[in-house]
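below: sequence and its predicted model.
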Amino acid sequence: MVLSTQALITKGVQLSSLAGSIMSGTPKSKQTNQKSLVCTVDIVRYSFLTSLLLLNKCPVLLTGESGVGKSAIIQELLSKLQKPKGSSIQTKTILGNVFLFNEMKHESMVADIGYLADGFSEDVNTDPSCIDGVCSGPRMEFPTKDSAQAGTKSSQDSKELQTTTVLFSTQTTSAQTQAQILHKLVKRSGNRRSPPKYTKLIVFVDDLNMPAVEQYGAQPPLELIRQFLDLGGFFDMKRLRWLRVEDVALVAACAPPSGARSELSQRLLKHFCIFNLPQHSTKALQYIFQVKVGLFLESNNFMPVVRRCRELLVKAAISIYYKMCRHMLPTPINPHYTFNVRDLIKVTQGLLQANETDIVSKEQILMLFAHEVTRVFHDRLSDVKDRQMFYTFLSDDLHNYFKVTEG
């Protein structure tokens with residue numbers, strides 16, 4: 001389910017070249033810089049569990065420190081579930097990638113054998129009885145659950161999915177929240193409200209704990225959410241009647257309480273299946289950013305000497321990021337000394353702005369790297385000693401990874 005770094009880069013280059021041949025007139029840089037989520041083991045795990053719960057109408061809450069990818073995971077899985085048959089157990093779906101892993105593994109092995117056979121097809125007999133240059137019996141077909149489930153479509157899979165996103169802030173009111181949810185619903189008989197026919201609605205509430213606390217400790221938008229989860233509907237304030245809401249699932253994301261974020265009440269949390277996303281491991285960070293940088297360098301045909309710097313660039317950036325998090329801690333004088341994975345993403349995004357005609361040597365890519373980490377980390381430092389310490393970090397890592405010494 002999780003490809004190796006080089007395999008994912010190669011696959012991405014093939015897809016971008018195919019898109020380039022189809023989308024004529026689109027600049028190459030715009031094709032390769034599209035935002036996409038690089039799947040790791042944790043992302044596959046949480047996407048599968050969250051999708052399984054949402055399809056069974058179980059509310060889900062993802063929490064964790066800033067920058068761990070809560071919103072990105074939810075948005076990615078919602079986009080996949082919205083696709084035709086995206087909620088079914090088929091190949092290349094979130095559920096199918098897990099439930100049909102063994103079948104897909106066999107199919108991948110057969111495809112790899114086919115690619116190997118294609119390489120020898122020119123040197124072997126091309127008789128019509130031969131398939132891909134191999135003159136043996138008929139090719140083996142591995143059975144899948146898709147063929148067994150053909151024609152037996154469940155009522156759950158027959159419904160398409162719609163999504164809506166509700167962004168909470170300190171100024172969000174309960175009336176705004178209710179209006180955003182009801183806007184996606186249609187009127188049914190009596191006081192029922194539901195999505196259009198043969199569809200389900202998934203509501204994504206981002207920054208769940210952001211609404212401001214009132215004088216008496218209540219948070220009206222959260223009380224409205226709790227009312228919906230408790231009683232299955234809302235109260236119509238205009239016509240003074242109860243509205244029953246059907247076929248609506250709820251998924252939310254929030255960071256730990258700090259600053260404007262308040263602590264959620266236990267009466268609300270008891271309704272959610274809560275997943276606490278941990279910080280990415282060093283191995284996961286290297287995998288994610290090596291895929292991003294490697295795909296960019298390969299698809300834009302950078303010089304081989306530049307492409308070979310992919311792994312060391314990512315390792316050096318991660319090393320500087322860890323040192324900044326460890327040594328540059330927030331204080332009452334410098335409360336803005338807060339670093340997370342988003343800063344590492346900014347460094348990578350700066351590297352992805354490079355042009356293959358300008359960056360043609362190892363020295364030039366290192367100058368760009370030094371510029372980007374200085375822009376992201378050094379420019380936030382307000383103390384002379386802290387800035388000098390940053391230059392020490394940068395000098396040490398350039399020497400450790402690239403054998404660059406001060407000239």
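Alright, I've got the coordinates.

contacts only, for residue 63.
70, 253, 254, 255, 256, 274, 275, 276, 277 (Cβ atoms under 8 Å, 6 or more residues apart in numbering). Backbone N, C-alpha and C define where each C-beta goes, glycine included.

quick one: which of those is nearest to residue 374?
residue 255 (27.9 Å; Cβ to Cβ).

could you check how far the residue lying closest to that closest one once chain neighbours are set aside is from residue 103?
Excluding the flanking residues, the one nearest residue 255 by Cβ to Cβ, 6 or more residues apart in numbering is residue 66, at 5.3 Å. Note on residue 66: its distance to residue 103, by Cβ to Cβ, to the nearest Å, is 39 Å.

the two - which one has more neighbours?
Per other Cβ atoms under 10 Å, whichever of residue 66 and residue 103 has more neighbours is residue 103, with 16 against 12.

make sure the more buried one is indeed in a helix.
Yes. Counting by DSSP: H, G, I helix; E, B strand; the rest coil, residue 103 is found in a helix.

helices and strands of this structure: which one has the lowest mean pLDDT?
Every helix and strand in the chain was compared by mean pLDDT, DSSP states H and E; the lowest is helix 28-32, with a mean of 42.

keeping just the C-alphas, turn the next helix or strand after that one into PDB.
Downstream of helix 28-32, the first helix or strand assigned by DSSP states H and E is helix 41-55. Presented in PDB, the C-alpha positions along helix 41-55 are these (Å, rounded to 0.1, in the frame of the first residue of the first chain):
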ATOM      1  CA  VAL A  41       1.800   3.900   6.800                       C
ATOM      2  CA  ASP A  42       0.100   6.200   9.400                       C
ATOM      3  CA  ILE A  43      -1.800   8.100   6.700                       C
ATOM      4  CA  VAL A  44      -3.100   4.800   5.200                       C
ATOM      5  CA  ARG A  45      -4.100   3.600   8.700                       C
ATOM      6  CA  TYR A  46      -6.000   6.700   9.800                       C
ATOM      7  CA  SER A  47      -7.600   7.200   6.400                       C
ATOM      8  CA  PHE A  48      -8.900   3.600   6.400                       C
ATOM      9  CA  LEU A  49     -10.300   3.800  10.000                       C
ATOM     10  CA  THR A  50     -11.800   7.200   9.500                       C
ATOM     11  CA  SER A  51     -13.500   6.200   6.300                       C
ATOM     12  CA  LEU A  52     -14.900   3.000   7.700                       C
ATOM     13  CA  LEU A  53     -16.400   4.900  10.700                       C
ATOM     14  CA  LEU A  54     -17.900   7.700   8.600                       C
ATOM     15  CA  LEU A  55     -19.500   5.300   6.200                       C
END
